[in-house]
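K.L.:
give the three-dimensional model of this entry:
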Amino acid sequence: MPKKSLVALAFASVSLLVAAAPDARADGVGDTALPTAAPPRDAKTEVPIVAYTYAATGAPAGTYGAYLYGTGLGASKQNATGGGGVTAWGAPIDRLTLVADAPRDVYLLGHFAPSFAAIVRLLGRANEGWSLGALAKYKVEGFGTDPGGDLESELEGGLLLSYGERRGFHFDLNAITGFGLTEEGEVDTEGRLRLGYDVASMVRVGIDGQGRYRLAGSKALPNGALWDFAAGPQIVVGTGHFFGALTGGPATMGITSSGVVGWTLVASLGGAI
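P.N.:
Residues are numbered from 1 along each chain as shown. Predicted coordinates:
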């Protein structure tokens, strides 16, 4: 057989084999593309609350964490006070985060004031745009202790709105109403706001604060007014399983004199698994 005929026959055979072979890309077999790597662990994005404001996203499902914190409050016409405690959280299932706080509260002049909260994410996902959540919370000594020394308690409920981007801008807004479980019938409403921007992979800077207004009840707030606040700049540093945060600024929350503005500081250190 001539050489040209042999070459033509070989070429035709190879073409038939290639045409008959299954397309590996159809079922993914033989696909050499590498799978998308999961984003690295970053504990500072998983904390449901650092100082004042809650994140509507809560924590990722199956994650647990805790942090220790110290607080300080100083103002004219009163002694400086300090407090601190531990906050722990866990997300046993997706969209539900449980938070327990056990502080010696600087705003309640050293009283033990534990609280328990549940965050339910209604819409959205963490660090992927907008999220909407709901908060239910029970805390002891919500409005201090009465002259007889009996413990007071409070139920709170509210809506949480958040926006987040990985390595970008972060926004949290809370609207919360609290009802005192006493015969005085205290009711107050709170607005909480946190803004942050990741200036580096390990560092987020922004502000965090809250304002409170008494809607009903016979008791005034500690400063004798119907409203108070605490707010200031915040820096959060973290990578992997660990993070730390520092928040400080002007405050009237916890001030016992009318017309006086003091200063407050919250320092936190913890991690998540």
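
K.L.:
buried stuff in stretch 241-248?
P.N.:
242, 243, 244, 245, 246, 247, 248 (16 or more other C-beta atoms under 10 Å). All C-beta spots, glycine's among them, are computed from the backbone N, C-alpha and C.

K.L.:
name the nearest of the residues you listed relative to residue 213.
P.N.:
Taking C-beta to C-beta as the measure, residue 213 sits nearest to residue 247 out of the buried residues of stretch 241-248, at 21.5 Å.

K.L.:
direction included, what does the host helix or strand of the closest one pair against?
P.N.:
Using DSSP states H and E, residue 247 sits in strand 242-251. Using DSSP bridges, strand 242-251 pairs in its sheet with strand 227-239 (antiparallel), strand 262-272 (antiparallel).

K.L.:
how far does that strand sit from the chain's center?
P.N.:
Strand 242-251 has its C-alpha centroid displaced from the chain centroid by 13 Å (C-alpha atoms, centre = their mean, to the nearest Å).

K.L.:
cool, stretch 247-260 as well?
P.N.:
24 Å.

K.L.:
low pLDDT regions in the stretch 51-200 of the chain?
P.N.:
Low-confidence segments of the stretch 51-200 of the chain, defined by pLDDT under 70, span residues 105-110, 142-151.

K.L.:
where along it do the strands fall?
P.N.:
64-75, 78-93, 96-104, 115-123, 128-140, 153-165, 169-180, 187-200 (DSSP state E, counting those that start in this stretch).

K.L.:
rewinding a little: which residues are in contact with the strand holding residue 247?
P.N.:
Identification of contacts with strand 242-251 by C-beta atoms under 8 Å, 6 or more residues apart in numbering yields 43-44, 47, 50-52, 67, 73, 207-209, 228-238, 261-272.
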